[in-house]
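sequence first, predicted coordinates after that:
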Amino acid sequence: MFKNLAATAVAACCISLAPLCANSQTTKPVPASATPLKIGFVYVAPLTDAGWVRQHEEGRKAVQAALGQRVKTTYVEDVAEGPDAERVIRDLAQQGNTLIFTPSFGYMEPTLKVAQDFPNVKFESITGYKTAANVAVANARYYEGRYLAGILAGRMTQTHLAGYVAGFPIPEVLQGINAFTLGMRSVDPKAEVKVVWLNAWFDPARERDAAMTLFNQNVDVVSFHTGSSAVMAAAQERGKMAIAYHSDMRSVAPDAQIAAVTHRWGDYYTARARAVLDGSWKPGAVWGGVKEGMIRVGDFGPKVPKAVQTEVLNAQKAMAQGKLLPFKAREAVRDNEGQVVIAPGETLSDEKILGMNWLVAGVQGKISH
């Protein structure tokens, strides 16, 4: 989620990531070895109880639990993108880590640079898009979870108005806002979504202020694409509803949380570690979602009726089966300026999704510049 705006926009317009590759799902037995595979992880922010870094830490722990003494994992937290990232990644390679995960977009170039000097080390650039002989990339279809969250918000709202606290207007964030709005309107055609742009990923004070502003404008359910749990805390304070992102945040907002869109990296990380151990690792590009288990909506709060929970879970099952696609149009879909952006019967290609630069009808606001 911590991304360079310009680089991401260019990347999104130029590339399309393939479905989860077969080699990342290998089930070959892993031979026992006296020397464990050393695996390093680099985290872009401090490790906290919830959020982007927490979910990657859960992925690391899943690798260690699944493979036991065959691996030895380590991590370095709160590593700034740029020169400091290159130093840390290089240190991990020099320390004998032969598989290194770098989960932040701004780590892409430092990862590639270090990879050139360590051809026998395998690197996984999470949210990056450039590959090399020893560099693979992976990302998740976060927008799938957003659509499901929109269905929930549409069922729960009383004011027909949701809020969305957003970081930067990169394609990934626009995908999420649009999918959320389309999901919400699929069950509540009157629904609208009001967006507040922060032009920052992590600023708890401003995240809280944005949420409070939205609540003052008749919003009764809020979502967000920022780095802290401040929006959830604000909803708890005001007695409103909120949808958590990255992690389950019921510990922060036990009454306010109606669901969470969580990222699940454990299966992917474990599969890639197995691939290194059994010699089948290959570079590739993975863009996985609900089907691959990388995105999940659940962790419902006490306010959500069982019937609504079932509806959302059934939609999630349909999405996993390929029967529900957020950007497939039965009738023309227009942006909030009236232009047709998805023709009747059309399903947006990955290339168009990755290059998304519009806000769908129903969104109040414009793309921040």
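Thanks, I have the structure now.

all contacts plus neighbour counts: C-alpha atoms, from now on.
Noted.

contacting residues for residue 208?
230-231, 233-234 (Cα atoms under 8 Å, 6 or more residues apart in numbering).

dump the helix or strand hosting it to PDB, restricted to CA.
Element membership for residue 208, per DSSP states H and E: helix 204-215. In PDB, the C-alpha atoms belonging to helix 204-215 read as follows (Å, rounded to 0.1, in the frame of the first residue of the first chain):
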ATOM      1  CA  PRO A 204      -3.600   9.100  12.200                       C
ATOM      2  CA  ALA A 205      -4.600  12.600  13.300                       C
ATOM      3  CA  ARG A 206      -5.700  13.600   9.800                       C
ATOM      4  CA  GLU A 207      -7.300  10.200   9.200                       C
ATOM      5  CA  ARG A 208      -9.400  10.700  12.300                       C
ATOM      6  CA  ASP A 209     -10.300  14.300  11.400                       C
ATOM      7  CA  ALA A 210     -11.400  13.100   7.900                       C
ATOM      8  CA  ALA A 211     -13.700  10.400   9.400                       C
ATOM      9  CA  MET A 212     -15.200  12.900  11.900                       C
ATOM     10  CA  THR A 213     -15.900  15.300   9.000                       C
ATOM     11  CA  LEU A 214     -17.700  12.600   7.100                       C
ATOM     12  CA  PHE A 215     -19.800  11.600  10.100                       C
END
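
how about it, which residues are buried there?
204, 207-208, 210-212, 214-215 (16 or more other Cα atoms under 10 Å).

cool, stretch 76-87 as well?
For stretch 76-87, by 16+ other Cα under 10 Å, it's 76, 79-81, 85-86.

need the contact partners of that stretch.
For stretch 76-87, contacts defined as Cα under 8 Å, 6+ apart pick out 40-47, 88, 106-107, 110-111, 113-114.

quick one: secondary structure of residue 152?
Under DSSP: H, G, I helix; E, B strand; the rest coil, the three-state class of residue 152 is helix.

what's the helix or strand for the closest residue to it other than its chain neighbours?
Of all residues not flanking residue 152 in the chain, residue 312 sits nearest, at 6.5 Å (Cα to Cα, 6 or more residues apart in numbering). Per DSSP H and E: residue 312 is located in helix 306-320.

for that helix, name the packing helices and strands.
Contact partners of helix 306-320 among helices and strands, from 3 or more Cα pairs under 8 Å, 6 or more residues apart in numbering; DSSP states H and E: helix 142-156, strand 295-298.

highest mean neighbour count out of those?
Highest mean neighbour count among the helices and strands packed on helix 306-320 (mean count of other Cα atoms under 10 Å): helix 142-156, with a mean of 27.

could you tell me how far that helix lies from the centre of the chain?
14 Å (Cα atoms, centre = their mean, to the nearest Å).

could you give me the average pLDDT of that helix?
The pLDDT scores in helix 142-156 average 98.

so how far is residue 182 from residue 147?
Per Cα to Cα, to the nearest Å, residue 147 is found 7 Å from residue 182.

between these two, what contacts are shared?
Taking Cα under 8 Å, 6+ apart as the criterion, residue 147 and residue 182 both touch residue 326.

ok, now which ones touch the residue nearest the centre of the chain?
For the chain, the residue nearest the mean C-alpha position is residue 142 (4.4 Å; Cα atoms, centre = their mean). Residue 142 sits next to 172, 176, 263, 289, 295 when contact means Cα under 8 Å, 6+ apart.

neighbours around the first one, how many?
With neighbours defined by other Cα atoms under 10 Å, the count for residue 172 comes to 24.

hang on, it packs against residue 354?
Yes: counting by Cα atoms under 8 Å, residue 172 does reach residue 354; the two are 7.2 Å apart.

give me the neighbour count for residue 258.
Residues lying near residue 258 (other Cα under 10 Å) number 27.

with residue 235 instead?
Applying other Cα under 10 Å, we find 25 residues neighbouring residue 235.

now do the contacts for it.
Neighbouring residues of residue 235 by Cα under 8 Å, 6+ apart: 211-212, 222, 241-242, 253, 256.

show me where the stretch 101-250 of the chain has helices.
With helices called from DSSP state H, counting those that start in this stretch, the stretch 101-250 of the chain shows them at 108-117, 142-156, 171-187, 204-215, 230-238.

residue 363: which of those is closest?
helix 171-187 (7.0 Å; Cα to Cα).

show me the contact partners of stretch 96-110.
Contacts for stretch 96-110 (Cα under 8 Å, 6+ apart): 1-4, 8, 37-44, 56, 81-83, 85-86, 89, 92-93, 111, 120-130, 273, 276.

wait, residue 112 touches residue 135, no?
Yes: using Cα under 8 Å, residue 112 makes contact with residue 135 at a distance of 7.1 Å.

residues shared between the contacts of these two?
Common contacts of residue 112 and residue 135, defined by Cα under 8 Å, 6+ apart, are absent altogether.

is it true that residue 89 touches residue 44?
No: the pair formed by residue 89 and residue 44 falls short of the contact definition of Cα under 8 Å, at 11.9 Å.

if we can go back for a sec, wait, which of the helices of the stretch 101-250 of the chain is closest to residue 368?
It's helix 171-187; of these, that one is closest to residue 368 (Cα to Cα) at 10.8 Å.

please identify the buried residues of the closest one?
Buried, per 16+ other Cα under 10 Å, within helix 171-187: 171-186.

where does pLDDT dip in the stretch 1-150 of the chain?
1-33 (pLDDT under 70).

swap in 90 and give it another go.
For the stretch 1-150 of the chain, the stretches flagged by pLDDT under 90 are 1-34, 44-46, 48-52, 81-82, 105-106, 127-128.

before we move on, the earlier item: out of the contacts of residue 235, which are inside strands?
222, 241-242 (DSSP state E).
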